[in-house]
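Enquirer: Kindly generate the corresponding structure for this input.
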Amino acid sequence: MDKTAHQNELKRQVAQAALAYVEPGSVLGVGTGSTVDLFIAALAASGIPLAGAVSSSERSTQALRAAGITVLEAAAVERLSTYIDGADEIDPKGHMIKGGGAALTREKIVADLADRFVCIADASKCVEVLGRFPLPVEVIPMAAPKLIRRFAELGGQASLRAGCVTDNGQHILDVRGLAITDPLAFEAEISQWPGVVTVGIFARHRARVALIGAAEGVRTLNFD
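Expert: Numbers count the residues shown, from 1 in each chain. Next comes the predicted model:
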């Protein structure tokens, strides 16, 4: 089995394991990405009844509807018990970098509705310190040059993601060269910069549970 096929198999395993966190009859928060695509397929095959789902992207909305699952607007829901989504990186405390699929703003909105974030990922996403994966930041286009300069002052190299327009009609900066040792403080700081819509650090909305696909099987990590 080649590396890509092996990674896909790990993703399928965690997608299947995530079904244990789906409460029958509930409204479920559903994220975005390749691992979530596999989770939606597993959810459809499981027959678990749901009152509906709140989706973080047009991509997931289409997949959920194709699976026969009712998609509700976030504005119509006061709270969710569980939000299931992937991550581009996750550290030992459950802090994450997200936004590789450009859905970070809607992902953070849906995560904010949920009592529990269940992260599904393969072991390659586990890091000691966030920042190896370029940090996505959704920005208002007119602010991009100024924000690129501000990240440079912090030692980061920010660049516009080519050809990317988010579901919200905004652009994405990818910031390389960062070592994010205090994710909560860094998230709070960047979020205040004028022109930033959302920074792809999920520290305030960190994972409470992570299902990690590894060679020995699915590892379950619980974070206090």
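Enquirer: Let me see the contact set for E58.
Expert: Contact analysis of E58 by C-beta atoms under 8 Å, 6 or more residues apart in numbering lists D167. Just so you know, the C-beta spots here come from the backbone N, C-alpha and C atoms, and that holds for glycine as well.
Enquirer: separation between it and R204?
Expert: Distance, E58 to R204, by C-beta to C-beta, to the nearest Å: 25 Å.
Enquirer: How about D182?
Expert: 13 Å.
Enquirer: tell me, what's touching the two both at once?
Expert: In terms of C-beta under 8 Å, 6+ apart, D182 and R204 are not both contacted by any residue.
Enquirer: Note down every partner strand of the longest strand seen in the chain and its orientation.
Expert: Assignment by DSSP state E gives strand 114-122 as the longest strand of the chain. If you go by DSSP bridges, strand 114-122 pairs up with strand 80-85 (parallel), strand 209-214 (parallel).
Enquirer: in the protein, which spans are strands?
Expert: Here the chain has its strands, by DSSP E, at 27-30, 52-55, 71-72, 80-85, 89-90, 96-97, 114-122, 135-139, 157-160, 171-176, 196-199, 201-202, 209-214, 217-222.
Enquirer: circling back to that earlier point, of all the strands paired with strand 114-122, which one is nearest K11?
Expert: With C-beta to C-beta as the measure, strand 209-214 is the member of the strands paired with strand 114-122 nearest K11 (6.2 Å).
Enquirer: Break the protein down into its domains, please.
Expert: Split into domains by automatic domain parsing, the chain comes to 3-127+204-222, 135-200.
Enquirer: Tell me which of those is the most buried.
Expert: Mean neighbours per residue, mean count of other C-beta atoms under 10 Å, is largest over the domains of the chain for domain 3-127+204-222, with a mean of 19.
Enquirer: Low-confidence regions, the protein specifically.
Expert: By pLDDT under 70, the weakly predicted segments of the chain are 1.
Enquirer: Could you pick out the longest helix of it?
Expert: With secondary structure taken from DSSP state H, the chain has its longest helix at helix 3-17.
Enquirer: can you list the residues that contact it?
Expert: Contacts for helix 3-17 (C-beta under 8 Å, 6+ apart): 1, 34-36, 38-39, 41-42, 120-124, 211-214, 217-218, 220.
Enquirer: Tell me how far the residue lying closest to L104 once chain neighbours are set aside lies from G100.
Expert: Among residues not flanking L104 along the chain, G200 sits closest, at 4.5 Å (C-beta to C-beta, 6 or more residues apart in numbering). Distance, G200 to G100, using C-beta to C-beta: 8 Å.
Enquirer: If anything else comes up later, I'll come back, but that's it for now.
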